[in-house]
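[1] Next input, structure requested:
(2 chains)
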Amino acid sequence: MAQTVEPATPRGAEEPVKAPVAEPAPRRRTFPTPYLLIAPALILLAIVLLWPIVQMVWYSLTSFTTRNLLPNQPGPAWNGFAHYRTLLTDPEFWAILRNTVVVCVLMVGSTMVLGTLVGLLLHRLPKWFSAFVALGMMLAWATPALSASLVFRWLFLPERGLVNVVLDRLPDWLVGGGWLNYNWFLEPLSLFFILITVIVWQSFPFVAVSVLAGLKSIPHELYEAARMDGAGAWKAFWNVTFPMLRPLFALLLVLQIIWDLRVFTQLYILANSFQNKDVYLLSYYIYQQGFSASPANYGMGSAIAVVMTVMILAVTAYYLRIMIRQGETR
Amino acid sequence: MTATDNTTRPAPDRPATGGAGAGATGRSGRVRRRSPARRLRSVPLYLAGVAVFLFSVFPVYWMVITAFKPVGEIFTRDQTVLPKAPTTEHFDRVLNGQLIPGVNFWQFLGNSLFVTVSAVAMGAFLSLLAAVAVARFRFRLRTTFIILLMVIQMVPMEAMIISIFINFRHLSDISGVELLGNLSGLLVVYTAVSLPITIMMLRGFVAAVPKELEEAAAIDGAGPWTVFWRILMPLVAPGLVAASIFAFITAWNEFIVALTFLGRSTDHYTLPLTLSYYFGRFGTEWGPIMAASTLLTIPVMLFFLFVQRRMVSGLTMGAVKG
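    Model prediction:
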């Protein structure tokens, strides 16, 4: 995961005498062993994951439909930037793009805040109890996206879902009335609310456990020093914990953004159809264009995919900068 | 100096929790007084812990408990926290009936297990090789390779799904081996997808093995293979386990590629796909849906719980100590 936090301090600090002896021997072998070792992985990646990225850009510039996949049919015709022009002038697309960004920000924000708070909590709790809570969190973490989406659909089901039943039983002055038959899955706002809940539920344990691991690596003296300087818990977090874990936080943030931008399975189950364009997110739109629209429009789907990839690569660039700065690529 | 002080003490472990407790102890000067005050102060922490636990566990609990409720207790407004008359009829129906006409549960389970386990095993093997190369050798393409991994890891399957689908359509045509509509294409994709993260995780573990150990073994006359199996492998094993679990869970839960690749070949459906298909057809049968969801979850859960400690420490090592 994040080979990020440690910049090799322990070894250097412990044995300063040995260091100069060990250093001049970073193995510089010229024979092809390393290339042979990476070759199988590299070839597989190139065929399965790299080539399609190139293809995606190419397809987005063509009028590629199902017809072009049939045998004895001409290949897809060059289409220039027609798809992109259509997209950029289409208010529907802009709405989907905006929803994707907003939903993603909300998911990432909630996950990071909740995860960090729980990580801090686990660090404070005695070991046995923190292990107990972590065990429970593992359940949320381990639940497959599909099972989780189905359970949340069941929990929020009109008429019989537990949430609706409970809200209906609560006094009206508190939560308002008419909850029993409320359908959460029709309107974008309520549907996205459930979507965000599912995602946060599933991803905060990872953040919490990572933060906990990071916290354990912070030397205790730093907190002692902070306390002597009169720092409270809040100040200690921002002046000790956060700077120490900044690389970890940056990494978690980037990972969460990328994982949450791509959300598909949960939406597929919660929306349960492609009828309502108001609840589409980018990944959903791509799939719909490619496999649910008739006829399937691979060209348009690819153009949307390129937009999404560009967004993700922008985030990735930031991630790479962190990594390169920390010497991860060395 | 403070450092040595700290290590000899049993480490109060609670940084920066205000001066109130410290003041009280300072006045009384007895150690015993401290603990009730501390305990009282940690009550909210325990409560928060319980809340986190309940929030995490409840949906899972609700899934399992619904699976054990008779139909009458599901189709009602009076949802109870415990089933009044628990039944295994839904599990029976899922396990012995046919979720999809003509195919039974065990075949779907077999499909899922086959494709997941094979992909993880192949991925782990290829990754270990690559991780050794990256962690132990300096070579020209090394940095390029690492950056490539980082970028590939980030580009989501959801964006590439159309071009991957067409790519495999073409690959099938070229090779004459049908890769869509059966498990072979999935196997290839799952293996490839597991590589970047597994290599990056393992790389940290391989790098953490002191070179001195290997060099000592080499001086004692051990060849590269002996060094690999006897020195490197045992030390990298926890990382391999952690990385493999990661890959297993990803592949086991994978949905969109299975959805596009398998199409209507229900014989080859993996469990998530089966479940989604069933939900699409019988969306109101929450008993069987929850029973099948539970069954889909159990293997991951057991795996998780079984190796939990190892996995957290594995992640910790990879994540924090590099």
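
[2] Packing partners of the host helix or strand of B:Pro238?
    Assessed by DSSP states H and E, B:Pro238 sits inside helix B:233-253. Here helix B:233-253 touches helix B:105-136, helix B:183-208, helix B:286-306, helix B:308-316, going by 3 or more Cβ pairs under 8 Å, 6 or more residues apart in numbering or on different chains; DSSP states H and E. Every C-beta, even on glycine, is put in place using the N, C-alpha and C of the backbone.

[3] mean confidence for that helix?
    Average pLDDT, helix B:233-253: 86.

[4] ok, now stretch B:39-54?
    Rounded mean pLDDT across stretch B:39-54 is 89.

[5] hmm, it touching chain A?
    Yes: Stretch B:39-54 is in contact with chain A by Cβ under 8 Å from any Cβ of the partner chain, via B:Ser42, B:Leu45, B:Tyr46, B:Ala48, B:Gly49, B:Val50, B:Val52, B:Phe53, B:Leu54.

[6] Just the buried residues of that stretch, please?
    Counting neighbours by 16 or more other Cβ atoms under 10 Å in any protein chain shown, one finds that the buried residues in stretch B:39-54 are B:Ser42, B:Leu45, B:Ala48, B:Gly49, B:Val52, B:Phe53.

[7] Let me have the residues you listed in a markdown table, extended by secondary structure.
    What follows is the buried residues of stretch B:39-54, written out as a markdown table (DSSP: H, G, I helix; E, B strand; the rest coil):
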| residue | secondary structure |
| --- | --- |
| B:Ser42 | helix |
| B:Leu45 | helix |
| B:Ala48 | helix |
| B:Gly49 | helix |
| B:Val52 | helix |
| B:Phe53 | helix |
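
[8] Most widely separated two among the residues you listed?
    Taking Cβ to Cβ as the measure, the buried residues of stretch B:39-54 span a maximum distance of 15.7 Å, between B:Ser42 and B:Phe53.

[9] So chain B: which segments form each domain?
    B:15-57, B:93-321 (automatic domain parsing).

[10] Mean pLDDT lowest where, among the ones you listed?
    Among the domains of chain B, domain B:15-57 scores lowest, at a mean of 65.

[11] for the domains of chain B, which one ends up most surrounded?
    domain B:93-321 (a mean of 19; mean count of other Cβ atoms under 10 Å in any protein chain shown).

[12] and the longest helix along chain A, does that touch chain B?
    Counting by DSSP state H, the longest helix found in chain A is helix A:91-124. Yes: using Cβ under 8 Å from any Cβ, helix A:91-124 reaches chain B at A:Val118, A:Leu121, A:Leu122, A:Arg124.

[13] which one of the residues you listed has the most neighbours?
    A:Val118 (27 neighbours; other Cβ atoms under 10 Å in any protein chain shown).

[14] And the closest residue to that residue other than its chain neighbours, which helix or strand is it part of?
    Nearest residue to A:Val118 in three dimensions, chain neighbours excluded: A:Ala208, at 3.9 Å (Cβ to Cβ, 6 or more residues apart in numbering or on different chains). When elements are assigned from DSSP H and E, A:Ala208 belongs to helix A:188-217.

[15] helices or strands up against the helix or strand just after that helix?
    Heading C-terminal from helix A:188-217, the first helix or strand you meet, by DSSP H and E, is helix A:220-228. Contact here means 3+ Cβ pairs under 8 Å, 6+ apart; on that basis helix A:220-228 packs against helix A:233-236, helix B:2-8.

[16] Could you measure from the closest residue in space to B:Gly287 that isn't next to it in sequence over to B:Arg39?
    Excluding the flanking residues, the one nearest B:Gly287 by Cβ to Cβ, 6+ apart is B:His90, at 3.9 Å. B:His90 sits 45 Å away from B:Arg39, going by Cβ to Cβ, to the nearest Å.

[17] cool, B:Val189 as well?
    53 Å.

[18] quick one on the thing from earlier: of all the residues in the helix holding A:Ala208, which ones are buried?
    Buried residues in helix A:188-217 (16+ other Cβ under 10 Å): A:188, A:191-192, A:194-215, A:217.

[19] returning to that earlier point: quick check, pLDDT for the residue nearest to A:Val118.
    Reported pLDDT for A:Ala208: 93.

[20] what's near enough to touch it?
    A:Leu114, A:Gly115, A:Thr116, A:Val118, A:Gly119, A:Leu122, A:Ala134, A:Met137 (Cβ atoms under 8 Å, 6 or more residues apart in numbering or on different chains).

[21] Please apply the same query to A:Val151.
    Counted by Cβ under 8 Å, 6+ apart, A:Val151 has contacts A:Thr143, B:Pro59, B:Val60, B:Trp62, B:Met63, B:Met290, B:Ser293.

[22] Also B:Arg93?
    Counting by Cβ under 8 Å, 6+ apart, B:Arg93 has contacts B:Gly287, B:Pro288, B:Ala291.

[23] Where does it sit, in terms of helix or strand?
    Counting by DSSP H and E, B:Arg93 is part of helix B:89-96.

[24] could I have that helix exported to CSV, CA atoms only?
    This file holds the C-alpha atoms of helix B:89-96, laid out as CSV (Å, rounded to 0.1, in the frame of the first residue of the first chain):
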residue,chain,number,x,y,z
GLU,B,89,-35.8,-22.4,3.9
HIS,B,90,-34.1,-19.5,2.0
PHE,B,91,-30.7,-21.1,2.2
ASP,B,92,-32.2,-24.4,1.2
ARG,B,93,-33.7,-22.8,-1.8
VAL,B,94,-30.5,-21.1,-2.8
LEU,B,95,-28.2,-24.1,-2.2
ASN,B,96,-30.5,-26.8,-3.6
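
[25] Just the terminal-to-terminal distance for stretch B:93-107.
    Start-to-end span of stretch B:93-107 (Cα to Cα, to the nearest Å) is 15 Å.

[26] can you tell me which of the contacts of A:Val151 are in helices?
    Using DSSP H, the contacts of A:Val151 in helices are B:Pro59, B:Val60, B:Trp62, B:Met63, B:Met290, B:Ser293.

[27] restrict the residues you listed to contacts with chain A.
    Of the ones in helices among the contacts of A:Val151, the ones that also sit near chain A (Cβ under 8 Å from any Cβ) are B:Pro59, B:Val60, B:Trp62, B:Met63, B:Met290, B:Ser293.

[28] per-residue confidence for the third one?
    This means B:Trp62. If you check B:Trp62, the pLDDT there is 95.

[29] Is it in contact with A:Phe152, as I believe?
    No: under the criterion of Cβ atoms under 8 Å, B:Trp62 is not in contact with A:Phe152, lying 9.5 Å apart.

[30] sorry, back to before: how about the contacts made by the residue nearest to B:Gly287?
    Neighbours of B:His90 in contact, by Cβ under 8 Å, 6+ apart: B:Ala67, B:Phe68, B:Gly287, B:Pro288, B:Met290, B:Ala291.

[31] neighbours around the second one, how many?
    Which is B:Phe68. A total of 20 residues lie near B:Phe68 under the criterion other Cβ under 10 Å.
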